[in-house]
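Undergrad: Can you look at this prediction? I've put the sequence above it.
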Amino acid sequence: MSTLFTPIKIGKMEVKNRFVHSATYEAMALETGEVTDDMIKRYSNLAKGEIGLITPGFMYVQPLGKAFKYQTAIYSDEMITGLRKLVEAVHQEGGKIAFQLVHAGLQTFDAITGQSPLAPSKKIRNPMSLKKPEEMKEEEIQEAIKAFAKAANRAGEAGADAVQFHGAHGFLISEFLSPFFNRRKDSWGGSDENRFRFLKEVFQESRKALPDEMPILIKMNTNDFTPKTGVTPELAKKYAGWLVELGINGVELSCGTHFTFHTTRGEIPADEFLKGAVKLGLPKWMKFLAKLSFKKLAPKCSFEEGYNLAAAKVIKPVLGEIPLMIVGGMRRIKHMEEVLENKFADLISISRPLIREPFLIKKFREGKTEEASCVSCNKCLAAIFNNLPVRCYNDGLPV
Ligand SMILES: Cc1cc2nc3c(=O)[nH]c(=O)nc-3n(C[C@H](O)[C@H](O)[C@H](O)COP(=O)(O)O)c2cc1C
């Protein structure tokens, strides 16, 4: 039998195969953050599709860390009942579920949070709204750390099998880690150790707030691809080594921020995307310039199979026995098998193909297909920026 369908342990959690549903914001929660029946249906269906570990879309740990209108909240105990239903739906179909916890940092909008976004430093503007964030004060940093730990505790209360910190894609944790975003000169910046401190304290406080057997995972960037140097594979390797020392149980490797389209390499549906971006706060006069910059970006962000693998190979050696999940452009079963056989990664993490084909993994197992039919048109991504629930919009967006 293919290694892809053999179980693996992530910390003390056993996952039945090597497939992970990478966190995918679904734009399906209530505006107040509660889980809806549509979400439950979506994840029940994905679990029926035999994915070993499912990570729903990122959940915000503080109201001012909310990134999108219909994002799931985990900042208050009132959310636990709904979150528990989500967990039960996945468990009922034999799947495991990890909650991804996020604070948006500067990658949000006044229209979403009702206030200026917070970030490690005020120098870097939100690439979409061009707004400068407020620099976080010491007490705001401490509050954010506590909010992550409390959210982790709620994930445990809701029965989730694991938590994953969103340390990738230019959100708050990723901003602290990045020399591009983090220009602080105090004990939260200025050196790699100091830039790592926020994540370290988030990890340590959350570990205390969780049962011992509950794994903590991280999604982190191998490469920020920001206008000036941010996280690089070498720096990510250093951070990964420190996470192993702290006791991390699994590492998912990704890349990119809202400055580019490296996270979701493929086509750039400029018109659809910009329509949503203007509603979120992109100044109208920027549309023309943004389109030009998308044109320039397109060749660098065009699709490539397994596009984070080369960087992951730099990081893998420091992980030792800690499972590595690789995300980004994993499409063909033969290729996935090679990745596992060569020990480049331990699990295959997938987002867009599962939006189009929730039963893809089952189809792989039954030998009904060898390759995902997703063409990485990125219209699903444009959809969420237009507040449309996630699905395959390859035929066009109703906007
Ligand atoms: C619609 C959409 C929503 C996403 N939401 C999240 C998210 O909530 N958290 C996250 O870490 N990544 C998110 N991503 C990124 C994916 O998890 C994944 O890293 C990326 O799409 C590359 O993997 P793929 O080639 O399998 O799609 C999202 C991507 C898409 C297309």
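TA: Perfect, I can see it now.
Undergrad: can you list the residues of the stretch 51-200 of the chain near the ligand?
TA: Within the stretch 51-200 of the chain, the positions near the ligand by CB under 6 Å from any ligand atom are 57-58, 100, 166, 168-169. C-beta here means a position set from N, CA and C on the backbone, and glycine is covered the same way.
Undergrad: Present the residues you listed as CSV; the columns should include pLDDT and neighbour count.
TA: Converted to CSV, those look like this (pLDDT from 0 to 100; neighbours: other CB atoms under 10 Å):
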residue, pLDDT, neighbour count
Gly57, 98, 24
Phe58, 98, 27
Gln100, 99, 26
His166, 98, 26
Ala168, 98, 28
His169, 98, 25
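Undergrad: Output the below-cut-off pLDDT ranges for the stretch 101-250 of the chain.
TA: The stretch 101-250 of the chain contains no residues with pLDDT under 70.
Undergrad: hey, where'd the strands end up in it?
TA: All strands of the stretch 101-250 of the chain, identified by DSSP state E, counting those that start in this stretch, fall at 118-119, 134-135, 162-167, 216-221, 250-254.
Undergrad: so the fourth one versus strand 250-254, what angle?
TA: Spelled out, that is strand 216-221. Angle, strand 216-221 to strand 250-254, by axes from the mean of the first three to the mean of the last three CA atoms, to 10 degrees: 20 degrees.
Undergrad: does any part of strand 216-221 sit near the ligand?
TA: Yes. With CB under 6 Å from any ligand atom as the measure, strand 216-221 is seen reaching the ligand through Lys219.
Undergrad: Partner strands of that strand and their direction?
TA: strand 162-167 (parallel), strand 250-254 (parallel) (DSSP bridges).
Undergrad: Please export the C-alpha coordinates of the longest helix along the chain as CSV.
TA: In the chain, with assignment by DSSP state H, the single longest helix is helix 138-158. What follows is helix 138-158, C-alpha atoms only, in CSV (Å, rounded to 0.1, in the frame of the first residue of the first chain):
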residue,chain,number,x,y,z
GLU,A,138,4.0,46.3,25.6
GLU,A,139,0.6,45.7,27.2
GLU,A,140,-1.0,45.0,23.8
ILE,A,141,1.7,42.4,23.0
GLN,A,142,1.0,40.8,26.4
GLU,A,143,-2.7,40.8,25.7
ALA,A,144,-2.2,39.2,22.3
ILE,A,145,-0.1,36.4,23.9
LYS,A,146,-2.8,35.8,26.5
ALA,A,147,-5.5,35.8,23.8
PHE,A,148,-3.6,33.1,21.9
ALA,A,149,-3.3,31.0,25.1
LYS,A,150,-7.0,31.4,26.0
ALA,A,151,-8.0,30.5,22.4
ALA,A,152,-5.8,27.4,22.6
ASN,A,153,-7.6,26.5,25.8
ARG,A,154,-11.0,26.9,24.1
ALA,A,155,-9.9,24.7,21.2
GLY,A,156,-9.2,22.0,23.9
GLU,A,157,-12.6,22.7,25.5
ALA,A,158,-14.3,22.3,22.1
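Undergrad: Work out the gap between it and the centre of the chain.
TA: 18 Å (CA atoms, centre = their mean, to the nearest Å).
Undergrad: Number the chain from 440, please
TA: Let's use 440 as the start, then, which means that last one is helix 577-597.
Undergrad: Tell me the helices and strands packed up against it.
TA: Identification of packing neighbours for helix 577-597 by 3 or more CB pairs under 8 Å, 6 or more residues apart in numbering; DSSP states H and E yields helix 519-531, strand 535-541, strand 601-606, helix 631-648.
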